[in-house]
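Visitor: Build me a model:
(2 chains)
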There are 2 protein chains.
Amino acid sequence: MKKLNSILAVAIFSLIMVSCGNNNESKRSGGAMSSNVAEKVYVAPGEHDEYYAFLSGGYSGNLTVYGLPSGRMLKEIPVFSQFPTNGYGYSEETTPMLETSFGFIPWGDAHHPDISQTNGELDGRWVFINENNTPRIARISLEYFETEEIIEIPHSAGNHSSSFVTENTEYVVAGTRFSVPYPQEDIAIDQMKGNFKGPLTFIAVDENGGMSIDFQLKMPGFNYDLSHPGRGDSHGWFFFTTYNTEEAHTLQEVNASQNDKDFIAAVNWKKIQEYVRNGGGEEIDANYAHNVFNHSTQTATTTMMNKVLTVDPRDVEGAVFFMPTPKSPHGCDVDPSGEYIIGNGKLSTDLTIHSFSKMLKAIENKDFDGDAYGIPVLNFDATLAGVVKDGGLGPLHTEFDDKGNAYTTFFISSEVVKWKLGTWEVLDRQPSFYSVGHNMIPGGNSRKPDGKYMVSLNKITKDRYLPTGPELEHSAQLYDISGEKMELLLDFPTHGEPHYAAGIHADKIKANSKKIYRLDENKHEHATLNESETRVERNGNEVHVYMTMVRSHFAPDNIEGIKVGDKVYFHVTNLEQDFDVPHGFAMIGANNSELLIMPGQTKTTTWEPTKVGVWPFYCTDFCSALHQEMQGYIRVSPKGSSQELKWSLD
Amino acid sequence: MKKLNSILAVAIFSLIMVSCGNNNESKRSGGAMSSNVAEKVYVAPGEHDEYYAFLSGGYSGNLTVYGLPSGRMLKEIPVFSQFPTNGYGYSEETTPMLETSFGFIPWGDAHHPDISQTNGELDGRWVFINENNTPRIARISLEYFETEEIIEIPHSAGNHSSSFVTENTEYVVAGTRFSVPYPQEDIAIDQMKGNFKGPLTFIAVDENGGMSIDFQLKMPGFNYDLSHPGRGDSHGWFFFTTYNTEEAHTLQEVNASQNDKDFIAAVNWKKIQEYVRNGGGEEIDANYAHNVFNHSTQTATTTMMNKVLTVDPRDVEGAVFFMPTPKSPHGCDVDPSGEYIIGNGKLSTDLTIHSFSKMLKAIENKDFDGDAYGIPVLNFDATLAGVVKDGGLGPLHTEFDDKGNAYTTFFISSEVVKWKLGTWEVLDRQPSFYSVGHNMIPGGNSRKPDGKYMVSLNKITKDRYLPTGPELEHSAQLYDISGEKMELLLDFPTHGEPHYAAGIHADKIKANSKKIYRLDENKHEHATLNESETRVERNGNEVHVYMTMVRSHFAPDNIEGIKVGDKVYFHVTNLEQDFDVPHGFAMIGANNSELLIMPGQTKTTTWEPTKVGVWPFYCTDFCSALHQEMQGYIRVSPKGSSQELKWSLD
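Guide: This next block holds a predicted model:
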């Protein structure tokens, strides 16, 4: 059967659903009105939330941190995008974080956060997240809540089936969504079929979190949509959904939906790891940036890399197989035991569940149904564990609780459906407002998920909040899943477009959270560790100001001898050593952002004055009762003036 | 008496207070635990908040929109800062919004939002907000929730005592915080005293919101900290606090705190308006940008202005007076009747309240206590209405309810104090966690404040939420003020540093909120209003792509004939006309941001390909069940290739 009919049905249904939100149905249907519910999400002043939820910002390029059950946004961590709030991507220390082989890129599309694991359980050390547009993977420290590392993924395009980690954080994967010439070349687009490839990249993570590309698997030119690692018995394998196995290059909404089944690719990465350890694979040219922020020097550096190891899956016997999966599978989720691999065919009403043990048996028996570009296709029935029938319309993603239940989102019928692993029986369904994409259960992508809360991340907001013009925030909903039936507790707006989220119990993070940068550990090249060392130095038309800040003054606060045409570097150190006493530095007319500088931290910004006069700078963070007095002046003389350099405080 | 002793006391106390937050006192002292309280802030799924609160983002440069009582952030509106999320400050249409006489500035420090008024009541048309660092005022539409206009303030520095509106939105004011040479010149910083000036700028607002500088008042070189307009009988006057009347240029935390009293400047703007209407004032050179976003062309333009009308206050008899006010007054707040002007001396424990009617009498009686640079100083006792004794330590700001009460924030003793207008009696006090700056009552800066909620905007966060590393969000607290005693309801984190906020009942805004851009009103120069008109045009090495997007494809989606060295302009129109169906546009390796394009809208971004190959673009906003299929390819050939330009869809 062709998928085209179901596409049309889906498209029409989708339009109907999307329009529904305009009326006020939700007021009647979405309510959860009892004071009991209010109490369940209320975190009283002075108390803390129970869980952290890390939501991708989607096209904001960042990662947002929420508390559950309150739904309050606790922080936005800049990752792939410039962040004027604290100078990330503008300050000299942080601009290297946004370097790529395409040059400086101030923006990213962040999709799937995943928390590091030890023995299949979340360990709270780092969050990884992928950038979809200019393919990259970032690692964020959960001690500092700062981005520490970004690695570019060469030969990739649309880095979507990323960034999921294996159960001891051996690897974080980055799978291409859009097939491309591999390596890139100037060929006609309509020559795509058979010529483009879909590389899957395995990035090794060392004990300090350091990332390096171990190998790239040169897969057929399908679209690799999502992925998850095996766990337990299936640890050592990775599973990727594919769509557009038609290899259509245009009007994919029709042309990529012709085949009745696409595939889930099963990759035995342990076998490939062994292969490359034994000298397998081919080193080819590549051009990609590796950016690392060093907390000791407080400075990021970019290293341009030029080689990558590529592996042809056909060269590694028994390493890669395709499992046919109906109707453009989107989500690819593995249950906590590692036995079940759930493929959600987004143009289907059913879910297809593959069995890992049956898959091993089918491989052993060579129960193949031909091959695709030389990769064995397993017999559909041989790997099938079961089908969840008539779950809803447009299934996308599945998460798991600690009681053997699964929770699948349905975009088109706009609901979350709870079903039983093993019996495939639907147990409950709750509407989402509106059109849920991913959902998230803390620990859901691990051996030990938590069974208390589920968050649905909805794609359409419409009337859920007070209107704010044509452009709206996205929306999430919090459900209590501790009982037999799901109970909707709360709607909360989300910043950017949260594609996916990773949740973790607060106890696994809060004790390790850093409060300050220690001055005695500050190895910044331009740090000024006490006021007596503050100074201004000229080197040609470059002027370096070594400045300190402490409640409530800058040293120096009067500078003369700057001239039009100079480039002034402000190296500013915050001498405070108390928690939550940042100072900011802003210079009138500077063509970048302010600096928000934490206690013990040094940051650098530049200023190229164009106008003669006396110009102020000031602290941007209200730091004390005398914050308004925390300012200074810089005298700018004409180019060529003989005004000598001088600086002072009082 | 010198202020120095009290400064030291304050500084020590401040350090103590700031350290307090490190322990867990708050868990015991800050609680509000009853289910009754939970219900008061719970907005059930499908229901709406009762009030909008517009919070300045401080050093984020933006304006955030919250719902009350839930404390949920409903939107971040980009104003003075680049916003990668939707391309503001990156797209061709919006970069002019961030132009200044100093060039393009990607960042701002946003401080004081104020909602437009008619007859002294909030009318919900616009919010104004000031940029402090590179002085500007912005106007934000409350139909579109978008920034429509930004005007730079020439001859100013530290645009802090801004942007407050008069009771028919005749003017929005912009007062300088840092005195500067006026006009700027190359003089020694220690020549400040008597030579620097503190210009106050009055910006006329026309019936469509259009801003133009009417005049600048060339005031003595003090620091003008905050301001508020008169209302009722005092309509026609504007009041500004000053500090650093010492005119200290260095170590202001000590040197600007020597005088026992600074001033509140009372400005009769109606008199000055009449003076300039009759040809008064002097036109002088100025250089400033005026940026306007046109919703019809969907494009911003920058006009560089070169003159401003300056008025010497001494030339306008009876227009400007100084009221001595103790101890570096910070907040300058006018009660709903317009009779009382409250000066909060931040190094004091008392509040000083001036009487408008007594001020008029003192002026009539020429009850002067000398002058300051030729401006009459009114006798302190002659204008004094009363003193609120021992309110707390470090008073900053005051708001008002509808029952004759005032609510003053105390930074150092970290509390909000309720007192009675007229009797000056303290009625209640509640701790803030920690160190409150501004507070906000919806309508508090108008003749008709609302008496239900108050929000305190706190400067120190510490342990109020789950820890998130050294850098924390700021924090607000919501109080129920409908009863005799204030009741703390909720802590909620705030994005950026909210200096001030403006609140308004939702009914005054929600009906006018736009849902889409109408295609039949789209006059964008490069709009493509239907798919049949999509095309690609080459002009030398400039290539213009006229593209459309609709669920779920781009037209065209295959383009060939682009070459390395080209500059490609993507003019992308979203053909949808349903509410909340944005599409995004992202091009791999582009050195700016994505575009988030609302229904009916056209936006432009550029791409300068540097690498030969076949490169994808895609939709960044999950728009339908076939969103993943919404993509296209562009073939990039080598520079000088003879590959002809072609484009297609299917």
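Visitor: Spatially nearest residue to A:Phe622, not counting backbone neighbours?
Guide: B:Lys459 (4.6 Å; C-beta to C-beta, 6 or more residues apart in numbering or on different chains). C-betas here are computed from N, CA, C, even on glycine.
Visitor: so the one you found makes contact with B:Phe411?
Guide: Yes: counting by C-beta atoms under 8 Å, B:Lys459 touches B:Phe411, with 6.9 Å between them.
Visitor: so what's A:Pro395 up against?
Guide: Applying C-beta atoms under 8 Å, 6 or more residues apart in numbering or on different chains, we find A:Pro395 in contact with A:330-331, A:344-346, A:348-351, A:408-411.
Visitor: so which of these also contact chain B?
Guide: Among those, proximity to chain B is found for A:330, A:346, A:411 (C-beta under 8 Å from any C-beta of the partner chain).
Visitor: I'd like the distance between the nearest residue to the last one once chain neighbours are set aside and A:Ser413.
Guide: For A:Phe411, the nearest residue in space outside its immediate sequence neighbours is A:Gly394; the separation is 4.0 Å by C-beta to C-beta, 6+ apart. Distance from A:Gly394 to A:Ser413, counting by C-beta to C-beta, to the nearest Å: 7 Å.
Visitor: Run a quick neighbour tally on A:Asn294.
Guide: A:Asn294: 14 surrounding residues under other C-beta atoms under 10 Å in any protein chain shown.
Visitor: Check the offset of stretch A:77-84 from the chain's centre.
Guide: Computed by C-alpha atoms, centre = their mean, to the nearest Å, the chain-centroid distance of stretch A:77-84 equals 12 Å.
Visitor: what mean pLDDT does it have?
Guide: For stretch A:77-84, the mean per-residue pLDDT is 98.
Visitor: can it be found next to chain B?
Guide: Yes: for a cut-off given as C-beta under 8 Å from any C-beta, stretch A:77-84 has contacts with chain B, namely A:81-82, A:84.
Visitor: Beta-bridge partners for A:Ile115, please?
Guide: Note on A:Ile115: beta-bridge partners A:Val127, judged by DSSP bridges.
Visitor: Name the nearest residue to the residue in the stretch 151-300 of chain A that chain B sits nearest to, sequence neighbours excluded.
Guide: Closest to chain B within the stretch 151-300 of chain A is A:Gln184: 3.1 Å, counting by C-beta to the nearest C-beta. With sequence-adjacent residues excluded and distances taken as C-beta to C-beta, 6+ apart, A:Gln184 is closest to B:Gly613, at 3.1 Å.
Visitor: Show me what the helix or strand hosting A:Asp333 pairs with in its sheet, parallel or antiparallel.
Guide: With elements taken from DSSP states H and E, the one containing A:Asp333 is strand A:329-334. Paired with strand A:329-334 in the same sheet, following DSSP bridges, are strand A:340-345 (antiparallel).
Visitor: between the helix or strand following the partner strand and strand A:340-345, how big is the angle?
Guide: Scanning forward in sequence from strand A:340-345 by DSSP H and E, the next helix or strand is strand A:351-355. Inter-element angle recorded for strand A:351-355 and strand A:340-345: 150 degrees (by axes from the mean of the first three to the mean of the last three C-alpha atoms, to 10 degrees).
Visitor: Give me the helices and strands touching strand A:351-355, please.
Guide: Judged by 3 or more C-beta pairs under 8 Å, 6 or more residues apart in numbering or on different chains; DSSP states H and E, strand A:351-355 is in contact with strand A:320-326, strand A:340-345, strand A:384-388.
Visitor: What residues does the stretch 351-500 of chain A have near chain B?
Guide: A:394, A:411-412, A:433, A:437, A:459-462, A:464-473, A:477, A:488-493, A:495-497, A:499.
Visitor: chain center to the strand holding A:Asp333: distance?
Guide: Between the centre of strand A:329-334 and the centre of its chain there are 18 Å (C-alpha atoms, centre = their mean).
Visitor: Report the angle between that strand and strand A:320-326.
Guide: An angle of 120 degrees separates the directions of strand A:329-334 and strand A:320-326 when computed by the same axes, to 10 degrees.
Visitor: Send me strand A:329-334 as PDB with only the CA atoms.
Guide: Provided in PDB are the C-alpha atoms of strand A:329-334 (Å, rounded to 0.1, in the frame of the first residue of the first chain):
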ATOM      1  CA  PRO A 329       9.100   6.300  11.600                       C
ATOM      2  CA  HIS A 330      10.000   9.400  13.600                       C
ATOM      3  CA  GLY A 331      10.800   8.600  17.300                       C
ATOM      4  CA  CYS A 332      13.100   5.700  18.000                       C
ATOM      5  CA  ASP A 333      12.800   4.800  21.700                       C
ATOM      6  CA  VAL A 334      14.300   2.000  23.700                       C
END
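Visitor: Give me every residue in the stretch 151-300 of chain A lying close to chain B.
Guide: Neighbours of chain B within the stretch 151-300 of chain A, by C-beta under 8 Å from any C-beta: A:157-158, A:160, A:177-178, A:180-181, A:184-190, A:192, A:196, A:223, A:225, A:243-244, A:249-257.
Visitor: give me that answer again for 6 Å
Guide: Contact residues of the stretch 151-300 of chain A with respect to chain B, defined by C-beta under 6 Å from any C-beta of the partner chain, are listed as A:157-158, A:178, A:180-181, A:184, A:186, A:189, A:250-253, A:256.
Visitor: What is the most widely separated pair among these?
Guide: When C-beta to C-beta is used, the two most widely separated members of these are A:Asp186 and A:Glu253, lying 27.1 Å apart.
Visitor: can you pull out the helices in chain A?
Guide: Taking DSSP state H as the criterion, chain A contains helices spanning A:4-20, A:25-29, A:35-41, A:252-255, A:269-277, A:356-364, A:380-383.
Visitor: Select from these the stretch with the lowest mean pLDDT.
Guide: Out of the helices of chain A, helix A:25-29 stands lowest, with a mean of 36 (criterion: mean pLDDT).
Visitor: before we move on, the earlier item: residues contacting the residue nearest to A:Phe411?
Guide: With contact set as C-beta atoms under 6 Å, 6 or more residues apart in numbering or on different chains, A:Gly394 has these partners: A:346, A:410-412, B:625.
Visitor: between these, which is nearest A:Ser337?
Guide: A:Ser337 lies nearest to A:Phe410 out of the contacts of A:Gly394, by C-beta to C-beta, at 24.0 Å.
Visitor: which ones are touching the closest one?
Guide: Applying C-beta under 6 Å, 6+ apart, the residues near A:Phe410 are A:392-395.
Visitor: let's see it at 8 Å
Guide: Taking C-beta under 8 Å, 6+ apart as the contact definition, A:Phe410 lies against A:391-396, A:416-417, A:436.
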